[in-house]
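Novice: Fold the following and give me the result.
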Amino acid sequence: MTSCAGVAILTSGGDAQGMNAAVRAVVRYLTHQKIPVFCIFNGYEGLCEGGDMIKQMGWKDALGILSKGGTLIGTARCPAFRNREGRKMAAKNLVEKKINSLVVIGGDGSLTGASIFKTEWPDLLGELLKEKLIFPGNAKICSYLNIVGMVGSIDNDLCGTDMTIGADTALHRIVDAMDCLASTAASHNRTFIIEVMGRHCGYLALMSAIAGPCDWVFIPEAPPESNWKELIVAKMKRASSSSKRFGLIVIAEGAADSDGNPIKAEQVKSLLSENGMDVRVTVLGHVQRGGQPTAFDRTLGSRLGCEAAKVMMEGISSGIEIDPCIVSLKNNTIIKLPLMEAIKHTHSIKECFKNKDFQKAQELRGSGFSKKVEMSKMLSVMDVRSLPKDSKQINIGVAFIGAPAPGMNSGIRALVKIAAYHGNIVTAYHEGADGMLSDNYEVLSPTDCELWSMRGGCIAGASRTTINSSNVEAVLSSFTKLKLDCLVLFGGFEAVTSIITLTEHSKIPVYLVPATISNNVPGSDFSIGCDTSLNTIVRSVDCIKQSAASSRKRVFVIDVMGGNCGYLAVLSGLASGADAAYIPESPVNIDELQCDAYRVMDKIEQGCHRGIIIRNENSSPHYKNDFVTALYAEEGKNKFVTRSSVLGHIQQGYSPSPFDRALAATFACKVYRDIVKRLTKPTFTSDDVVVLGIRGSSTVFTPVLNLQMDVSRRVPLDSWWLDLKPLIQTLALPPSTARANSNCTARCPHCNGDDIDLEVS
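Specialist: Numbers count the residues shown, from 1 in each chain. Predicted coordinates:
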């Protein structure tokens, strides 16, 4: 290993929420490995300028940036870097600092520039040596340039990655605005047109349309039909005259018709106004880029940043040149992609637009993009369509079993609308299994649940009463009385135990859609509601951190929900910059508690003003919140003040996040399609009692009898997120405290000289 070789990181192009999380992760990961790390301020402009614009960073330099929006190291357009002479000066500035590795966070233009820079690197060094502008020794250290990219773009427009840094937060801004506009639109019986960003990609417009009460969406990848003007006038008149009392249209800024003619908000407004409608236009603009990043973007930035640092570390330690790559999220796993391959596919979408091959453009966006386009059309239906002659209407039963979870309303709304689109109906039980036993039910129409996607909780009512051996016959009798063709349960582990009972008795297909903030349903990586709860926790921790920074040095012990599943504790710990997270899956002992207290004490002695400990409510039967708080208070009584906070049921509240709304709609669509296919079977078996789950980027149906779970503890046997737990202390604690702690007399592994596990998942 060349000990003096360094790594630099820059942000370029448009800013995106979550970039700071990525910068923080690179700086702190490499600091732990004793590798020099630099930040280049103002992107490629700072790289060309050099000098103080390239600054070596330490662990404390990344303090307090995780929750900040934008990019604190700046970004700027740089005409100089587009020219070879400018790139030559950039190479000189890197060699002077003995930097041979560059991490670039930006869009396809920024990453293309990095690729060109790497290709020219040997020739640029040769010219600089010939002109005696660099020292030969430095040139030897920097004989090659390693490039690793991360995609920071709110448009989510790069092929090969499921999500880019900033896209989730931008979607939150849009959906929040839609929810606000819905109330004022209904008050005046108006139609609102919302223009969102997306010059070449309709992701934001499409997903916001799925998440909100949208009637029409325009995106570049799916131009409207040739007679769209007549269709949209009729559709919006129907929306205004319905009980909904308003219309909502979303337009991506790059929307166009099939001939490439732009479709603009003012154009649509004029069309509707001419037909007697009261119309307003709202252009969201740069508000979509602003504000604090969501929990997802903080976690994504942290995971990508650690993986980028790991790739660079491997190149530096081995002393070999690595192929330029992009680290990205695919199937909920961090992977590496050849840099120019991903960019090439992204550029080919623009060619599809020119060639009017919109189906190909949708395919390049990903396997699920075209399905989401179709879903958005189904979700805008307002009436039950007529069935073809001689077709039997399907009656789908729905019930909510367990605690309410944000997004449940979105799920039933989507199921009602998708069923109505195909001429079928949904019968909803009120109060879950209690409704089955008391004949408390209602056939829902699309207009009944038009605005449900915006509301948290469970409007139809949820109950913790389970279906069990004592009431199953009465429940089955209700199915027969209502002539249900199938049953869809939304819920957590109470619903799991109910569906296990139905496996032995039901004569119709039964589905379980995971919906619980605890995210503990086996067979699925995510449950409806867990993202909203996670964001609520992270917002609350941000408030607590602000309180701690405004007063004396403080350590907060924060209790979160989750039952026997530590998902919320681990993910909120990573997204909020907590110092430790205690979970049931890895029980903490008294030695580790004492060690962590010393770690936090050391951190505060080094200049930090606060400490955050996240504790799952069931992390230990003995070391409860009061005990942990008292331990920290005793050990740190001369260094800091300790306070506790139990967040409680606020974690179940709030309006559902865009992710939970979209996940609920996706689950509903998948369930409906499977129902239609499964009902063609002459008889049903236990294999037709299934749990729907998301695994990676795929949705799968798992027969209940095949689930891998610990029923007594109410958790699945596999949990993908456990691999993220080691990153919490890696990114939160200084190197001197994250390893062997000289003050700690405990017998925990870290204080026996073992390094923290730096593997990234």
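Novice: wait, doesn't residue 471 sit right on residue 432?
Specialist: No - using C-beta atoms under 8 Å as the test, residue 471 is too far from residue 432 to be in contact (11.8 Å). (C-beta placed from N, C-alpha, C; glycine too.)
Novice: neighbour count winner among the two?
Specialist: residue 432 (28 against 17; other C-beta atoms under 10 Å).
Novice: hmm, who's touching stretch 617-633?
Specialist: 555, 557, 559-564, 566, 569, 582-584, 587-588, 590, 593-594, 597, 600, 611, 613, 615, 641-644, 646 (C-beta atoms under 8 Å, 6 or more residues apart in numbering).
Novice: let's see it at 7 Å
Specialist: 555, 557, 559-564, 582-584, 587-588, 593, 597, 613, 615, 642, 644, 646 (C-beta atoms under 7 Å, 6 or more residues apart in numbering).
Novice: just the buried members of the residues you listed?
Specialist: 555, 557, 559-564, 582-584, 588, 593, 597, 613, 615, 642, 644 (16 or more other C-beta atoms under 10 Å).
Novice: where's the residue nearest in space to the middle of the chain, which helix or strand?
Specialist: Nearest to the mean C-alpha position of the chain, counting by C-alpha atoms, centre = their mean, stands residue 296 at 3.8 Å. Under the criterion of DSSP states H and E, residue 296 resides in helix 295-318.
Novice: Report the distance from that helix to the chain centre.
Specialist: Offset of helix 295-318 from its chain centre (C-alpha atoms, centre = their mean, to the nearest Å): 17 Å.
Novice: Buried residues in that helix, which are they?
Specialist: For helix 295-318, burial by neighbour count (16+ other C-beta under 10 Å) applies to 295-313, 315-316.
Novice: now swap in stretch 163-182 and tell me
Specialist: Buried residues in stretch 163-182, counted by 16+ other C-beta under 10 Å: 163-179, 181-182.
Novice: Now the terminal residues of stretch 216-224, how far apart.
Specialist: 10 Å (C-alpha to C-alpha, to the nearest Å).
Novice: Low-confidence stretches in this structure?
Specialist: Scanning the chain for pLDDT under 70 picks out 1-4, 548-551, 736-761.
Novice: Strands of the stretch 501-650 of the chain, start to end?
Specialist: Per DSSP state E, counting those that start in this stretch, the stretch 501-650 of the chain carries strands over the ranges 510-514, 554-560, 580-582, 610-616, 641-646.
Novice: Can you say which of those is nearest to residue 111?
Specialist: Between residue 111 and the strands of the stretch 501-650 of the chain, the shortest gap by C-beta to C-beta is with strand 580-582, which sits at 33.4 Å.
Novice: Pairing partners for the closest one, with directions?
Specialist: Sheet pairing here is set by DSSP bridges, and for strand 580-582 it gives strand 610-616 (parallel).
Novice: Report the distance from stretch 391-410 to the chain centre.
Specialist: For stretch 391-410, the distance to the chain centre is 24 Å (C-alpha atoms, centre = their mean).
Novice: quick one: terminal-to-terminal distance for that stretch?
Specialist: 28 Å.
Novice: Give the buried residues for that stretch.
Specialist: Buried residues in stretch 391-410, counting neighbours by 16+ other C-beta under 10 Å, are found at 394-410.
Novice: Among those, which ones are in helices?
Specialist: Mapping the buried residues of stretch 391-410 onto helices (DSSP state H) picks out 408, 409, 410.
Novice: and these as TSV, adding distance to residue 682?
Specialist: Output for those, formatted as TSV (distance: C-beta to C-beta, whole Å):
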residue	distance to residue 682
408	33
409	35
410	34
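Novice: and which of those is nearest to residue 702?
Specialist: residue 408 (20.8 Å).
Novice: Now for the closest one: which residues touch it?
Specialist: Taking C-beta under 7 Å, 6+ apart, we find residue 408 in contact with 400, 458, 490, 515, 528.
Novice: got it, and residue 98?
Specialist: In this structure, residue 98 makes contact with 4, 5, 6, 138, 141, 142, judged by C-beta under 7 Å, 6+ apart.
Novice: what do you get if the cut-off is 8 Å, keeping everything else the same?
Specialist: By C-beta under 8 Å, 6+ apart, residue 98 lies in contact with 4, 5, 6, 36, 138, 141, 142.
Novice: likewise residue 59?
Specialist: By C-beta under 8 Å, 6+ apart, the residues touching residue 59 are 27, 28, 31, 734, 735.
Novice: same question, residue 223
Specialist: 255, 256, 257, 258, 358.
Novice: want to try a markdown table for those residues, with distance to residue 99, neighbour count and secondary structure as columns?
Specialist: Shown next, in a markdown table, are these (distance: C-beta to C-beta, whole Å; neighbours: other C-beta atoms under 10 Å; DSSP: H, G, I helix; E, B strand; the rest coil):
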| residue | distance to residue 99 | neighbour count | secondary structure |
| --- | --- | --- | --- |
| 255 | 42 | 26 | coil |
| 256 | 43 | 17 | strand |
| 257 | 49 | 15 | coil |
| 258 | 49 | 13 | coil |
| 358 | 44 | 19 | helix |
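Novice: so where do the helices sit in the stretch 351-500 of the chain?
Specialist: 358-365, 369-378, 408-421, 432-438, 472-482, 493-505 (DSSP state H, counting those that start in this stretch).
Novice: my bad, the stretch 101-250 of the chain
Specialist: For the stretch 101-250 of the chain, the helices defined by DSSP H, counting those that start in this stretch cover 108-130, 136-141, 167-188, 203-211, 228-241.
Novice: Nearest to residue 278, out of the ones you listed?
Specialist: helix 167-188 (6.6 Å).
Novice: could you dump the closest one to PDB, C-alpha only?
Specialist: Taking C-alpha atoms only, helix 167-188 is exported to PDB below (Å, rounded to 0.1, in the frame of the first residue of the first chain):
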ATOM      1  CA  ALA A 167     -35.400  11.100  -5.400                       C
ATOM      2  CA  ASP A 168     -37.300   9.900  -2.300                       C
ATOM      3  CA  THR A 169     -37.100  13.300  -0.600                       C
ATOM      4  CA  ALA A 170     -38.200  15.100  -3.800                       C
ATOM      5  CA  LEU A 171     -41.200  12.800  -4.000                       C
ATOM      6  CA  HIS A 172     -42.100  13.700  -0.400                       C
ATOM      7  CA  ARG A 173     -42.100  17.400  -1.300                       C
ATOM      8  CA  ILE A 174     -44.400  16.800  -4.200                       C
ATOM      9  CA  VAL A 175     -46.800  14.500  -2.400                       C
ATOM     10  CA  ASP A 176     -47.000  17.000   0.600                       C
ATOM     11  CA  ALA A 177     -47.800  19.700  -1.800                       C
ATOM     12  CA  MET A 178     -50.500  17.600  -3.500                       C
ATOM     13  CA  ASP A 179     -52.100  16.900  -0.100                       C
ATOM     14  CA  CYS A 180     -52.200  20.600   0.700                       C
ATOM     15  CA  LEU A 181     -53.600  21.500  -2.600                       C
ATOM     16  CA  ALA A 182     -56.300  18.900  -2.400                       C
ATOM     17  CA  SER A 183     -58.100  20.600   0.500                       C
ATOM     18  CA  THR A 184     -58.100  24.100  -1.100                       C
ATOM     19  CA  ALA A 185     -59.100  22.600  -4.400                       C
ATOM     20  CA  ALA A 186     -62.100  20.800  -2.900                       C
ATOM     21  CA  SER A 187     -63.200  23.900  -1.000                       C
ATOM     22  CA  HIS A 188     -63.600  25.800  -4.300                       C
END
